[in-house]
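Engineer: quick one: sequence and predicted model below, then my questions.
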Amino acid sequence: MFLRTQTNGQRTYLLLVDNQRVDGPLRQQVLCRLGRLDELRDSGQLDLLLQSLGRFSDKYAVLGAHRNGQSITTQTRILGPPIIFERLWEECGIQQVLNRLRRDRHFQFSVERAVFLTVLHRLVAPGSDRAAERWKQNYLIAGAESLELQHLYRAMAWLGEPLPEAEQKGATPFVARTTKDLVEEELFRHRRDLFSSLDLVFFDTTSIYFEGEGGQTIGWYGHSKDHRPDRLQMVVGMVLDNQGNPVCSELWPGNAPDVKSLVPMVDRLKTRFPVGEVCIVADRGMISAETMSDLQRRNWKYILGVRMRSSNAARQVVARAGRYQEVFPESDDPDDPAPLKVKEVWVARQRYIVCRNEAEARRDWQEREAIVASLRDALQGGDKSLVGNKGYRRFLQTSGERFTINEQKVKQEARYDGKWVLTTNTELTAPEVAVKYKQLWVVEDIFRSMKSLLETRPIFHKRDETIRGHVFCTFLALVLRKELQDRLERKGWTPEWADVIRDLDQLQEVELHLEGKAYLLRTEAKGTTGKVFQACGVALPPTLRQR
């Protein structure tokens, strides 16, 4: 049933018609002649008719009243991020795991909702837990209305709470087993249907500094990767599987060196998760003679980066002649892999893989040439100011009277252009070893996300338990982020993360009151929002519905 016009001569009439099937085809039947269109408009009867009909349609009643200033907006709340990440939270099994683990604890609030609120806050608007308690007021988060700041702190403390003595098997020398360990293990079992085994793990660490006292035992001074040696810090380790999924996280006191953490970490990994033979992939900061000896004694498989300039073996490996095998050619397409060549070298029965990126080699050469050229110019005006500059100092030598350029050092440095060296005891081919190691950069990207996008640092908590819980919520946020990115990629979409969050944040719900009725009006889905909802299998809420 609809309205149409009919023109006879110079007059146009408004008709109410309906489509009816007559002997097969559809035919229009005139139900009512409403009159001449110009007279209906001039007399205002057309507007009165539409207004009268609008009383029987919620959508047009609300829109018409809102246009005329009759409606009252009582509240506007953001619903995009809660809808999407609630779905992922459930389907990743996090909600189920948290509810099961806290079943025997009689909290007077929902721990699962408090953890979800904290994780969602990390994803959308990173900040402190105190900021999260205020931030939630603008979002439509189911079950979060009654949560207070004290509830968030208690939820963090529960996640970082040490387990009973009987459940401490597999604890590292650095820290006891806590509730968050049980969550990680349960989530791993939940994902086991998605892969056959955990046979390749990527491991890396970073440091996160504190504002304040640094907890009771975690905060110590140590080598700061944040370049804040003036702050107490903690060390965070992360393990990923070969699909880039976060498996577990570890926390150590800030003075624990990287080379001391790898073996205890893997020992613990094998006790926590039902895994067989594991191949460890880690960067050169994890390597020491003691670490290598421990790995070989345990017969663990490994792919490890080698310190290039401080290792005698690496210097020998780089100096060896040999033909490179091309893995990825150079390309102008930014979506193609970075250029890569590899060659295999054996030194004292130890296998090494030399990797070379031709594009990176050219950049290294250009940077060094620029430094040396600048150095030659600077030496003509005096040499005292050059000694404090690391970029200059490594190319200088002195005879006791004055500094000159060390031409031999310049020549030696050219050997390292665009190269990195790996050592492995696997039976993988040289190209396979190099490609597996490059996946470790995913871990480094995750740490950058942890520190910048998710704002884990600095930490203001004072108790060890709440500090562990605070960092673990970032781990859970990374789990959800990786899951969403995977779903988008399976659809062939690779939007920027910042765009995804911004667009989801613009999907809002406006509550309107009209003539004793409450209506919910949903704003337009902009940018990437439609793709995100589609990738997650979630339907957008109706544009308008009565509450």
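Structural biologist: In hand now; what should we look at? Numbering: from 1, shown residues only.
Engineer: could you tell me how many residues sit around residue 526?
Structural biologist: 13 (other CB atoms under 10 Å). From N, CA and C alone the C-beta is placed, and that goes for glycine too.
Engineer: who's in contact with residue 191?
Structural biologist: Going by CB atoms under 8 Å, 6 or more residues apart in numbering, residue 191 touches 92-93, 245.
Engineer: need the worst-confidence member of the residues you listed.
Structural biologist: Lowest-confidence member of the contacts of residue 191: residue 245, scoring 84 (pLDDT).
Engineer: and it, how many residues sit next to it?
Structural biologist: 21.
Engineer: then residue 519?
Structural biologist: Quick note: residue 519 (other CB under 10 Å) scores 21 neighbours.
Engineer: can I assume it is in contact with residue 543?
Structural biologist: No. At 10.7 Å, residue 519 does not count as touching residue 543 under the criterion of CB atoms under 8 Å.
Engineer: mind telling me what element residue 75 is part of?
Structural biologist: Element membership for residue 75, per DSSP states H and E: strand 72-78.
Engineer: specify the next element, helix or strand, located C-terminal of that strand.
Structural biologist: helix 80-91.
Engineer: which outside residues touch that following helix?
Structural biologist: Taking CB under 8 Å, 6+ apart as the rule, helix 80-91 contacts 95-96, 116, 119-120, 123-124, 139-142, 480, 483-484, 501, 503-508, 529, 532-533, 536-538, 541.
Engineer: buried ones in that helix, by neighbour count?
Structural biologist: Burial within helix 80-91, assessed by neighbour count using 16 or more other CB atoms under 10 Å, is assigned to 80-89.
Engineer: now the residue lying closest to residue 245 once chain neighbours are set aside: which helix or strand?
Structural biologist: Excluding the flanking residues, the one nearest residue 245 by CB to CB, 6 or more residues apart in numbering is residue 482, at 6.0 Å. Using DSSP H and E, residue 482 sits within helix 464-490.
Engineer: helix 80-91 and that helix, what's the angle between them?
Structural biologist: Relative orientation of helix 464-490 versus helix 80-91 (axes from the mean of the first three to the mean of the last three CA atoms, to 10 degrees): 100 degrees.
Engineer: and helix 464-490, which residues are buried?
Structural biologist: Buried residues in helix 464-490 (16+ other CB under 10 Å): 464-485, 487-488.
Engineer: do stretch 518-534 as well
Structural biologist: 519-522, 525, 528-529, 531-533.
Engineer: out of these, list just those in strands.
Structural biologist: 519-522 (DSSP state E).
Engineer: continuing past the host helix or strand of residue 3, what's the next helix or strand?
Structural biologist: Assigned by DSSP H and E, residue 3 belongs to strand 2-8. As assigned by DSSP H and E, the chain's next helix or strand after strand 2-8 is strand 11-21.
Engineer: how about the helices in the stretch 1-150 of the chain?
Structural biologist: 37-43, 45-54, 58-67, 80-91, 94-101, 111-124, 129-135, 149-159 (DSSP state H, counting those that start in this stretch).
Engineer: likewise the stretch 251-400 of the chain?
Structural biologist: Using DSSP H, counting those that start in this stretch, helices in the stretch 251-400 of the chain cover 262-272, 289-298, 312-319, 358-379, 390-393.
Engineer: direction included, what does the strand or helix carrying residue 204 pair up with?
Structural biologist: Element membership of residue 204 [criterion: DSSP H and E] is strand 200-209. Using DSSP bridges, the strands paired with strand 200-209 are strand 233-240 (antiparallel), strand 279-282 (parallel).
Engineer: residue 527 contacts residue 502, correct?
Structural biologist: Yes. Counting by CB under 8 Å, residue 527 touches residue 502, with 7.3 Å between them.
Engineer: export the buried residues of stretch 518-534 as TSV, with columns for distance to residue 111 and pLDDT.
Structural biologist: Output for the buried residues of stretch 518-534, formatted as TSV (distance: CB to CB, whole Å; pLDDT from 0 to 100):
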residue	distance to residue 111	pLDDT
519	34	76
520	29	83
521	34	82
522	31	87
525	32	92
528	32	96
529	30	95
531	33	96
532	28	97
533	28	97
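Engineer: can you redo these as a markdown table with distance to residue 44?
Structural biologist: Shown next, in a markdown table, are these (distance: CB to CB, whole Å):
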| residue | distance to residue 44 |
| --- | --- |
| 519 | 27 |
| 520 | 32 |
| 521 | 28 |
| 522 | 33 |
| 525 | 37 |
| 528 | 45 |
| 529 | 41 |
| 531 | 46 |
| 532 | 46 |
| 533 | 43 |
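Engineer: what is the nearest of those to residue 274?
Structural biologist: Lowest distance from residue 274 to those (CB to CB) belongs to residue 532, with 33.7 Å.
Engineer: give the contact list for that closest one.
Structural biologist: Residue 532 neighbours (CB under 8 Å, 6+ apart): 84, 484, 488, 500, 503-504.
Engineer: hey, C-alpha coordinates of the strand holding residue 204 in CSV?
Structural biologist: Extracted in CSV, the C-alpha atoms of strand 200-209 (Å, rounded to 0.1, in the frame of the first residue of the first chain):
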residue,chain,number,x,y,z
LEU,A,200,57.0,-23.6,17.9
VAL,A,201,57.1,-20.8,20.5
PHE,A,202,58.3,-17.3,20.2
PHE,A,203,59.7,-15.7,23.3
ASP,A,204,60.8,-12.1,24.1
THR,A,205,60.9,-9.8,27.1
THR,A,206,60.6,-6.1,27.8
SER,A,207,60.7,-3.9,30.9
ILE,A,208,57.9,-1.7,32.3
TYR,A,209,58.7,1.0,34.8
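Engineer: quick one, that strand and helix 262-272 angle?
Structural biologist: 120 degrees.
Engineer: change the start of the numbering to 48 and stick with it
Structural biologist: Yep, numbering from 48; the last one is strand 247-256 now.
Engineer: one step back: the strand holding residue 122: how far from the chain's middle?
Structural biologist: 31 Å (CA atoms, centre = their mean, to the nearest Å).
Engineer: about what we covered before: how about the strands paired with strand 247-256, which one is nearest residue 234?
Structural biologist: strand 280-287 (12.6 Å).
Engineer: need the contact list for residue 179.
Structural biologist: Contacts of residue 179 by CB under 8 Å, 6+ apart are 164-165, 168, 199.
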